[in-house]
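In: Give me a model of this one.
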Amino acid sequence: MAQPNRNPFISRRDFSRLATLGGSALLFAPPATSFEFPTMPPASASPDEAFWDSVRQQFLLTPGLSVLNAANLCPSSAPVLESMIRNTRDVDQDPSMDNRAKMTAGKEATRKLLAEFLRVTPEEIIITRNTSEANNLVSSGIDLKAGDEVIVFSDNHPSNLQAWQEKAKRFGFRIRAVAQSSPHPGADFYVKAFEREMSPATRVLALTHLTSTVGDLLPVKELCRLAEQRGILSLVDGAQTFGVMDIDLSDMQPDFYSASAHKWPCGPKEVGVLFVNKRSHGKIWGTIFSAYTGAVGLSRTFEGFGQRDEPAIIAFGEALNFQNRIGRKQIEARARELAQALMEGLKKIDGVKIWTHPDPARSVAVVSFQPGNLDARRLSEALYSRERIAGMTRGGQDRGGLRFSPHIYNSMVEIERTVAAIRKYMANGV
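Out: Numbering: from 1, shown residues only. Model (predicted):
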């Protein structure tokens, strides 16, 4: 007997076409509701390799694949995936306003978790789509005019560099850039360099906490203090520190801090955060207005982004809970340990030039290097296709080569395997 058409919205012709293309089993197989993940043991103050192996098992990473690219995109952890599947099915089974009301409560629960994670208040948290959107909300929302100045770091991400440059063309304010210096010259150098650029016309200081290029860590606490003393607003792009460093904004005290869920927090895609210090709520204008604003503080007037993916926002909270289970200090220590081991191995390979400074006060877990005269792109392709090691290439004249950024799902064995592969190709070519 022929299978009945169980979906009244699919015509017989469409049904036949879909069955031919994908197989009728795809139409009738029940959707997956969860994944099988082993139980992770309780964390400790000094977790061992067995514990970190159990952390790795909380991800869907393919066995044998070493992904060293947390600075670009992390896999989502088990709690994140399960939360997204559960809540997405809930919404799609019943998209009524009555049923979706609980999703609003879930969004506010994530806001509260974000505030606790960053040691601030929910009234200071805006849930965005990513760091880029958060940065642009600031550069578009501050009232600037001809004669005003904005100081940027030359090694900022484009959303915190190019965005200011483009808006300066429209509104007439001036950009002053502090050049990066390689190798990282230390915190004092950058404090003095930014201070030299400040003038009575300076209105904003926009900088990156940790650069995505070579992993230079800037002294943002000192720079935020300096800016506040001079009546200058500060924006810190935290895309490469949120979820790997133990960030305390109550201590850092920027006016604005931006970050994403899809990098080091191992959360969902297209969810991010913008912190707006309560002292600066009256110094920024909203630039996007629509429905479904937040419930507290600045989010009530600043978070009208229209329909959002509430399951992803709720899953962001699960990513934070997962990090808290492991321990934020333990996460930072682990990422630093892996990066230090990687740099230690690379520096023993003839011809390799490491761009990232090994001093823990100047770097965290982003490691960039030049593999001698080897073509970085070909080397990267060989590492992925032959060795199953995934990193990222950096082209151009600015400290080009390869970039690796290990995280909590990586192991010391993977670091050793990566170093051995680089040594082999440096000796024998690609």
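In: CA atoms for contacts and neighbours, from now on please.
Out: Will do.
In: Point out where this protein drops to low pLDDT.
Out: For the chain, the stretches with pLDDT under 70 are 1-35.
In: biggest helix in it by residues?
Out: Longest helix of the chain, by residue count under DSSP state H: helix 97-118.
In: Kindly spell out which helices and strands sit in contact with it.
Out: Helices and strands touching helix 97-118, by 3 or more Cα pairs under 8 Å, 6 or more residues apart in numbering; DSSP states H and E, are strand 125-128, helix 310-326.
In: Next SSE downstream of the top strand by length along the chain?
Out: Longest strand of the chain, by residue count under DSSP state E: strand 202-208. Next in sequence after strand 202-208, counting helices and strands by DSSP states H and E, comes helix 220-229.
In: That following helix versus strand 202-208: what angle between them?
Out: For helix 220-229 against strand 202-208, the angle between stretch directions is 170 degrees (axes from the mean of the first three to the mean of the last three Cα atoms, to 10 degrees).
In: Go through helix 220-229 and flag the buried ones.
Out: By 16 or more other Cα atoms under 10 Å, the buried positions in helix 220-229 come out as 220-221, 223-227.
In: again, but for stretch 383-403
Out: For stretch 383-403, by 16+ other Cα under 10 Å, it's 383-384, 387-394, 399-403.
In: One more: stretch 273-281?
Out: If you call a residue buried by 16+ other Cα under 10 Å, then stretch 273-281 has these buried ones: 273-278.
In: Please apply the same query to stretch 135-145.
Out: 135-140, 142, 144.
In: Which member of the buried residues of stretch 273-281 is positioned nearest Arg417?
Out: Using Cα to Cα, Val273 is the member of the buried residues of stretch 273-281 that lies nearest Arg417, at 35.4 Å.
In: can you give me the strands for this structure?
Out: 66-67, 125-128, 149-153, 174-178, 202-208, 233-237, 256-260, 272-276, 352-354, 367-371, 389-390, 392-394, 401-404.
In: what residues are up against the residue nearest the centre of the chain?
Out: Centroid-nearest residue in the chain, with Cα atoms, centre = their mean: Lys263, separated by 3.1 Å. Residues near Lys263 by Cα atoms under 8 Å, 6 or more residues apart in numbering: 70-74, 239-240, 243.
In: and Arg86, how many neighbours?
Out: By the criterion of other Cα atoms under 10 Å, Arg86 has 15 neighbours.
In: With Ala71 instead?
Out: By the criterion of other Cα under 10 Å, Ala71 has 26 neighbours.
In: start the count at 386, not 1, going forward
Out: Yep, numbering from 386; the last one is Ala456 now.
In: Surely it and Gln625 touch.
Out: Yes - when contacts are counted by Cα atoms under 8 Å, Ala456 is listed as touching Gln625 (6.2 Å).
In: and for the two, which residues touch both?
Out: Shared contacts of Ala456 and Gln625 (Cα under 8 Å, 6+ apart): 597, 648-649.
In: List the buried residues of stretch 578-598.
Out: Across stretch 578-598, burial judged by 16+ other Cα under 10 Å covers 579, 583, 587-598.
In: Any idea how far apart the tips of it sit?
Out: In stretch 578-598, first residue to last residue: 20 Å (Cα to Cα, to the nearest Å).
In: one step back: could you single out the nearest of the buried residues of stretch 658-666 to Val752?
Out: Using Cα to Cα, Val658 is the member of the buried residues of stretch 658-666 that sits closest to Val752, with 25.2 Å.
In: Nearest spatial neighbour of the closest one, chain-adjacent residues omitted?
Out: Nearest residue to Val658, sequence neighbours excluded (Cα to Cα, 6 or more residues apart in numbering): Ile512, at 4.7 Å.
In: any idea how far that neighbour is from Ile698?
Out: From Ile512 across to Ile698, the span is 8 Å (Cα to Cα).
In: Check Asn484 too.
Out: Noted for Asn484: a distance of 17 Å to Ile698, by Cα to Cα.
In: Neighbour count: those two, which is higher?
Out: Ile698 (31 against 12).
In: residues in contact with that one?
Out: By Cα under 8 Å, 6+ apart, the contact set of Ile698 is 491-492, 495, 653, 656.
In: ditto for Leu529
Out: Contacts of Leu529 by Cα under 8 Å, 6+ apart are 556, 558, 588.
In: number of nearby residues for Glu421?
Out: Residues lying near Glu421 (other Cα under 10 Å) number 9.
In: Equivalent analysis for Gly730, please.
Out: Neighbour tally, Gly730, other Cα under 10 Å: 17.
In: From Asp694, how far off is the nearest residue to it once chain neighbours are set aside?
Out: Counting by Cα to Cα, 6+ apart, the nearest residue to Gly730 once its immediate chain neighbours are dropped is Val804, at 5.9 Å. Using Cα to Cα, one gets 40 Å for the distance from Val804 to Asp694.
In: of those two, who's got more company?
Out: Neighbours of Val804 and Asp694, each counted by other Cα under 10 Å, are more numerous for Val804; the result is 20 against 16.
In: Which residues outside stretch 662-675 are in contact with it?
Out: Contacts for stretch 662-675 (Cα under 8 Å, 6+ apart): 508-509, 522-523, 525-528, 638-641, 683, 686-691.
In: can you check stretch 709-727 too?
Out: Counting by Cα under 8 Å, 6+ apart, 427-432, 628-631, 708, 743, 745, 749-752, 790-793, 796-797, 800-801, 804 sit against stretch 709-727.
In: per-domain residue ranges of this structure.
Out: Taking automatic domain parsing as the reference, the chain has its domains at 482-710, 713-813.
In: Any chance of CSV for those, columns distance to Ala463?
Out: Formatted as CSV, the domains of the chain follow (distance: least, Cα to Cα, whole Å):
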stretch, distance to Ala463
domain 482-710, 9
domain 713-813, 12
